[in-house]
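Q: Just to be clear, the model below is a prediction. Sequence and coordinates:
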Amino acid sequence: MPEKPYKTTTGESTANYEIQRSKFITHTQHVESEDEARAYILAQKKAYFDARHNCSAYVLGPNGAKQKSNDDGEPGGTAGNPILEAIKKKNLTNVVIVVTRYFGGIKLGAGGLIRAYSHSAVLGLDAADVVTMTPLAVVHVRLGYDLLASFENFLRQKNIRTGEKAYAEDVTVDILLQETEKDDVLAALTDLTSGRARFADGGVQVIAVPVTPAPDASA
């Protein structure tokens, strides 16, 4: 289980870019393993079998430890590495990008290729939904039905996430907390319920928190 949050994409995104009659088609995909990344790259190569190049890169692991890129016939370092750097600059992991190029007959040169593949990768990532995978402590809270209304009101006021709920002789609700807030929240719940709430450790759960885009300064 990761010890700190990390950013990744969800699902698949696409983008298109054209320069000097060369067409670049970008596909990004969330992946959890190297096998998934390789399979996705192969699928794009099959889908765009008539393209001259299907260049790719991926980053894997909570710390981004696994990284790989492929120029797929372009001059060394002009395609795969710029795609990889685009992923790294956005601090993303568990993502694969394939940029397909249909050659337009005009050579772009090494610098032009680097810029084109980098820009294409950025466009693909800009089109993707980004989330922060955040590990939260799970606490099982057990309390009587007479305390439920005030307990739920407390959760709403503090914007505390909840998980599973069980209704039996008592009510058991899983609450999800940042480790840094855990002690304060449990102390507040103890006060709220006059010590009648019971707490049990539920381990760690990783949840996807959407990343809110920065506001447009020109708006």
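A: Sure, I can see it. Numbering: from 1, shown residues only.

Q: all contacts plus neighbour counts: C-alpha atoms, from now on.
A: Fine.

Q: got the phi/psi numbers for R38?
A: phi -60, psi -40 (degrees, to the nearest 10).

Q: Show me what the helix or strand bottoming out on mean pLDDT in the chain packs onto, helices and strands only.
A: Least confident helix or strand, the chain: strand 198-210 with a mean of 92, by mean pLDDT, DSSP states H and E. Packing contacts for strand 198-210, counted by 3 or more Cα pairs under 8 Å, 6 or more residues apart in numbering; DSSP states H and E, involve strand 129-143.

Q: quick one, the strand it packs on and strand 198-210 angle?
A: With axes from the mean of the first three to the mean of the last three Cα atoms, to 10 degrees applied, the angle from strand 129-143 to strand 198-210 works out at 170 degrees.

Q: average pLDDT across strand 129-143?
A: What strand 129-143 shows for mean pLDDT is 95.

Q: List of residues touching it?
A: By Cα atoms under 8 Å, 6 or more residues apart in numbering, the list of residues contacting strand 129-143 from outside reads 2-11, 170-179, 182, 196-211.

Q: What remains of those if I keep only buried residues?
A: 5-10, 171-177, 182, 197-199, 204, 206, 208 (16 or more other Cα atoms under 10 Å).

Q: which residues are in contact with the least confident helix or strand of the chain?
A: With contacts defined as Cα under 8 Å, 6+ apart, strand 198-210 is touched by 1, 129-143, 174, 176.

Q: Swap in 6 Å and give it another go.
A: For strand 198-210, the surrounding residues in contact (Cα atoms under 6 Å, 6 or more residues apart in numbering) are V131, T132, M133, T134, P135, L136, A137, V138, V139, H140, V141, R142.

Q: Could you dump the residues you listed into a markdown table with distance to G104 added?
A: Formatted as a markdown table, the contacts of strand 198-210 follow (distance: Cα to Cα, whole Å):
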| residue | distance to G104 |
| --- | --- |
| V131 | 36 |
| T132 | 38 |
| M133 | 40 |
| T134 | 44 |
| P135 | 47 |
| L136 | 50 |
| A137 | 53 |
| V138 | 55 |
| V139 | 59 |
| H140 | 61 |
| V141 | 63 |
| R142 | 66 |
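
Q: could those residues go into a markdown table alongside distance to H53 and neighbour count?
A: Output for those, formatted as a markdown table (distance: Cα to Cα, whole Å; neighbours: other Cα atoms under 10 Å):
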| residue | distance to H53 | neighbour count |
| --- | --- | --- |
| V131 | 30 | 19 |
| T132 | 32 | 17 |
| M133 | 33 | 21 |
| T134 | 36 | 18 |
| P135 | 39 | 21 |
| L136 | 42 | 22 |
| A137 | 46 | 19 |
| V138 | 47 | 24 |
| V139 | 51 | 23 |
| H140 | 53 | 20 |
| V141 | 56 | 20 |
| R142 | 59 | 20 |
